[in-house]
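# okay, sequence plus prediction incoming.
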Protein chains: 2
Amino acid sequence: MYEGPVQDLIDELGKLPGVGPKSAQRIAFHLLSVEPTEIDRLQKALQRVRDGVQFCEVCGTVSDKERCRICSDSRRDRTIICVVEEPKDVQAVERTREFKGLYHVLGGALDPLSGVGPDQLRIRELLARIGNQDDGVDVAEVIIATDPNTEGEATATYLVRMLRDFPGLSVTRLASGLPMGGDLEFADELTLGRALSGRRAM
Amino acid sequence: MYEGPVQDLIDELGKLPGVGPKSAQRIAFHLLSVEPTEIDRLQKALQRVRDGVQFCEVCGTVSDKERCRICSDSRRDRTIICVVEEPKDVQAVERTREFKGLYHVLGGALDPLSGVGPDQLRIRELLARIGNQDDGVDVAEVIIATDPNTEGEATATYLVRMLRDFPGLSVTRLASGLPMGGDLEFADELTLGRALSGRRAM
């Protein structure tokens, strides 16, 4: 619709997730009106990500060093590992300030239809971490914090089977149930069913 | 929250209009997972816009040549000029396929509180276009298509006053009224009032 560079930029922006044609147009005209140094900063940030982002050699989250801040923090409890699908899930758990252990990022969830099997995830690395106590600390608990959807549940079931072989290791799963601040009436059957079967004595 | 380049990219993306922290994170992780050539294309598009976009010397819309496609199209009716605030408004009017004349992009609307007076808009250029008939064609009508909000209305009023001096020039304004497909019951008073005062014989 527009001529030349502006339309090219709108097209490229429109390929980003969650950016529709209207937003792409709005962003492009915004960039037309800002100082060139603003565009420079965005370009530099893109370039650094394009050049390759480092992942923590232990837990697999994004990191700017070989070992991420959490894995190198001696105050974290090395006996508990929380297994998540993606680096953003690490941030979500960190925001709760409830967890003081370490993480393990799988890099996704089992999804055979999309070609994601156990070998595509960092499951071998997880088993190696638990089996191999270089630092003399035994892992006592693995919390499986994959998403509460079909793929996440399948991954959790698979991991439970794999982790059964480690004697003395406790394997737990995040509780499913009613979201806080929610309304019982509006909960879907699956969530309400999970909340019932997971009820606790009080 | 994240370390290094990923957080920098999230920060830069978060400065774009309509991109909140969650979208910025989603876009950044998307860019982490795509082929580097995708990022290259986005960077190239940004660079070209950063290097400067050309504006049509006649109407002021974005263009890849000195004169835009519409201004250079000999089939367009040169006796009618539609005055809009921004290049995106040109596209909005074009989408109707109802207008066959030329455009004039003001580059905004009068907004004294933000320091936008008549000199910051391309009003002088508009008056010159109407006064100066190089191509031997008289402008017969100017349609003022600024936004139907405070600034747009103020701009329209100002333009009407400026254009009064051209003998034989008809100055019109886009109709205000109920949006098509809308519901009378849910129209705000201002819109309904405009629809009433602008009622037409049928």
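Right, received. Where do you want to start? What you see is a predicted model, and the numbers here were worked out from it, not measured in a lab.
# partners of whatever helix or strand residue A:171 lives in, with directions?
For residue A:171, the host element (DSSP states H and E) is strand A:170-173. Strand A:170-173 sits in its sheet next to strand A:141-144 (parallel), going by DSSP bridges.
# next, the buried residues of the partner strand.
A:142, A:143, A:144 (16 or more other CB atoms under 10 Å in any protein chain shown). No exception for glycine: its C-beta is placed from N, CA and C like everyone else's.
# what residues does the strand holding residue A:171 touch?
The contact list for strand A:170-173, computed with CB atoms under 8 Å, 6 or more residues apart in numbering or on different chains, reads A:140, A:141, A:142, A:143, A:144, A:145, A:156, A:159, A:160, A:163, A:164.
# before we move on, what about stretch A:16-27?
Against stretch A:16-27 from outside (CB under 8 Å, 6+ apart): A:9-11, A:13-14, B:16-19, B:23, B:26-27, B:30-31, B:88.
# mind putting the contacts of strand A:170-173 into a markdown table with pLDDT and distance to residue A:113?
Formatted as a markdown table, those follow (pLDDT from 0 to 100; distance: CB to CB, whole Å):
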| residue | pLDDT | distance to residue A:113 |
| --- | --- | --- |
| A:140 | 92 | 35 |
| A:141 | 93 | 32 |
| A:142 | 94 | 27 |
| A:143 | 94 | 27 |
| A:144 | 94 | 22 |
| A:145 | 93 | 23 |
| A:156 | 94 | 18 |
| A:159 | 96 | 19 |
| A:160 | 94 | 22 |
| A:163 | 93 | 25 |
| A:164 | 91 | 26 |
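# ok, so of those, who is nearest residue B:104?
The nearest member of the contacts of strand A:170-173 to residue B:104, counting by CB to CB, is residue A:145 at 58.4 Å.
# hang on, the earlier thing: pull out the buried members of the contacts of stretch A:16-27.
Buried among the contacts of stretch A:16-27 by 16+ other CB under 10 Å: A:9, A:10, A:11, A:13, A:14, B:16, B:19, B:23, B:26, B:27, B:31, B:88.
# quick one: the strands in chain A, in order.
Ranges of strands in chain A, per DSSP state E, are A:54-55, A:62-63, A:77-84, A:101-105, A:141-144, A:170-173.
# the first one pairs with which strands?
According to DSSP bridges, strand A:54-55 has the following sheet partners: strand A:62-63 (antiparallel).
# can you list the domains in chain A?
What automatic domain parsing lists as the domains of chain A is A:5-50, A:74-173.
# low-confidence ranges, chain A, go.
Applying pLDDT under 70 to chain A picks out residues A:133-136.
# list the contacts for the most centrally placed residue in it?
Nearest to the geometric centre of chain A sits residue A:86, at 2.1 Å (CA atoms, centre = their mean). Listed by CB under 8 Å, 6+ apart, the contact partners of residue A:86 are A:105, A:107, A:108, B:29.
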